[in-house]
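1. coordinates only, sequence not included:
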């Protein structure tokens with residue numbers, strides 16, 4: 001037993017394993033604690049648009065909402081424009097005051113309704129926050145705009161002051177919320193799919209790259225570096241096809257939402273799996289197996305900044321800008337569009353392609369530089385054998 005323990009502790013891989021486990025704790029703690037720090041204090045970064053089609057009470061209500069609510073509020077003239085911005089995630093909610101709002105509010109037996117439109121093709125936290133905001137807005141309309149402003153409106157309609165006051169009091173209890181959702185997500189299992197795909201794909205790419213590097217080291221000088229690089233690249237593409245096909249097929253088998261169809265999600269997953277493979281192996285080409293440390297950092301950073309768990313709008317500027325250059329951000333956005341509904345994932349696919357191209361270029365340069373460095377220290381006979 002003692003001899004076995006000593007033998008284990010003498011092996012470098014034993015220490016590497018323990019250090020790796022420790023680094024997971026350190027990296028995830030640092031990135032997640034700093035990344036999610038102050039998230040609840042940045043609610044004012046969420047965008048809500050007010051569309052007012054009622055030129056009587058609606059004008060006062062819209063102005064009051066924009067001035068008083070603790071969100072990034074602005075007025076938009078067209079409901080179609082607001083819906084498009086919502087679909088593209090430039091807005092988190094649209095508050096729509098319909099043209100007949102005053103008419104229904106002032107009717108003796110009427111009920112005025114403010115419509116709220118939420119795009120569910122977002123992190124689950126968005127729907128929760130916006131549903132709470134809708135209740136807050138309705139309360140704000142009731143207490144501030146209606147009770148204070150309608151009395152004046154009714155008074156201008158030449159009603160006696162007492163009747164106007166009584167009517168205003170009644171109206172303050174009759175404005176209701178009508179919450180509508182677009183791109184509805186059916187169940188928590190579907191809600192978690194984008195994060196699951198990103199996590200499984202990047203972790204799989206990391207581990208695959210580490211094993212490929214060990215295989216390359218085992219080949220040693222029997223195969224030239226360029227041949228090994230070419231072989232790994234071919235295997236990477238073939239593996240990405242199989243991995244993405246398995247992942248997308250399992251989603252279909254378990255009845256996952258696929259708004260744009262199976263082929264779209266398979267092709268898009270193929271693209272971001274390939275990107276993850278090239279990015280994760282880039283660090284291994286640059287630093288050898290030590291590059292896994294950078295992959296652990298990148299994994300944690302991407303889970304925080306991608307918008308799969310917490311809306312990117314609630315992150316600090318540093319993490320928002322970091323997410324802009326990491327592939328998981330575009331993988332999550334494109335996956336949400338394809339699975340739940342939204343604009344075409346063309347822009348996300350282009351961004352992933354650019355990241356993949358940059359990773360391939362850096363990896364190729366790393367292979368070239370290392371080869372040159374090795375050949376400079378070898379005799380001419382050895383150099384000839386590499387060619």
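-> Received the coordinates, thanks. Everything numeric in this text was worked out from a predicted model, so none of it was measured. Numbering: from 1, shown residues only.
2. where along the stretch 101-250 of the chain do the strands fall?
-> Remark: strands assigned in the stretch 101-250 of the chain by DSSP state E, counting those that start in this stretch are 112-119, 175-182.
3. helices or strands next to the first one in the packing?
-> Spelled out, it's strand 112-119. helix 79-87, strand 93-97, helix 101-106, helix 124-140, strand 175-182 (3 or more C-beta pairs under 8 Å, 6 or more residues apart in numbering; DSSP states H and E). All C-beta atoms are positioned from the backbone trio N, CA, C, and that covers glycine.
4. out of these, deepest packed?
-> Among those, the stretch with the highest mean neighbour count (mean count of other C-beta atoms under 10 Å) is strand 93-97, at a mean of 25.
5. what's the angle between it and strand 112-119?
-> Angle of strand 93-97 versus strand 112-119, following axes from the mean of the first three to the mean of the last three C-alpha atoms, to 10 degrees, is 160 degrees.
6. host element of the residue positioned nearest the centre of the chain?
-> Ranked by distance to the mean C-alpha position of the chain (C-alpha atoms, centre = their mean), the top residue is residue 307 at 2.5 Å. If you go by DSSP states H and E, residue 307 is not part of any helix or strand.
7. Show the backbone phi and psi for it.
-> Torsion angles at residue 307 (phi, psi; degrees, to the nearest 10) stand at phi 90, psi 10.
8. And the helices and strands packed on strand 112-119: which comes nearest residue 284?
-> helix 124-140 (34.6 Å; C-beta to C-beta).
9. Next, the buried residues of the host helix or strand of residue 318.
-> Under the criterion of DSSP H and E, residue 318 resides in helix 317-325. Neighbour-count burial for helix 317-325, counted by 16 or more other C-beta atoms under 10 Å, picks out 319, 320, 322, 323.
10. Out of those residues, which comes closest to residue 196?
-> Distances from residue 196 to those, taken as C-beta to C-beta, are shortest for residue 323 (18.4 Å).
11. So that closest one sits against residue 315, correct?
-> Yes. Using C-beta atoms under 8 Å, residue 323 is in contact with residue 315, at 7.3 Å.
12. which residues are common contacts for these two?
-> In terms of C-beta atoms under 8 Å, 6 or more residues apart in numbering, residue 323 and residue 315 are both contacted by the residues 304, 305.
13. What residues of stretch 223-237 count as buried?
-> 225, 228, 229, 232, 233, 236.
14. distance of residue 203 from residue 244?
-> Between residue 203 and residue 244 the computed distance is 15 Å (C-beta to C-beta, to the nearest Å).
15. Confirm that residue 363 sits in a helix.
-> Yes. Residue state for residue 363 (DSSP: H, G, I helix; E, B strand; the rest coil) corresponds to a helix.
16. Give me the distance between it and residue 319.
-> Taken as C-beta to C-beta, the span from residue 363 to residue 319 is 26 Å.
17. and what of residue 231?
-> 37 Å.
18. now residue 55
-> Relative to residue 319, and taking C-beta to C-beta, residue 55 is found at 42 Å.
19. Could you point out which residue ranges in the stretch 101-250 of the chain have low pLDDT?
-> Counting by pLDDT under 70, the stretch 101-250 of the chain contains low-confidence residues at 106-110, 143-174.
20. Name the nearest residue to residue 203, ignoring sequence neighbours.
-> residue 299 (6.7 Å; C-beta to C-beta, 6 or more residues apart in numbering).
21. Could you do residue 341 as well?
-> Closest to residue 341 by C-beta to C-beta, 6+ apart is residue 183, at 3.6 Å.
22. how many neighbours does that neighbour have?
-> Applying other C-beta atoms under 10 Å, we find 19 residues neighbouring residue 183.
23. Check the one 5 residues further on too.
-> The local packing count at residue 188 equals 8, with neighbours defined by other C-beta under 10 Å.
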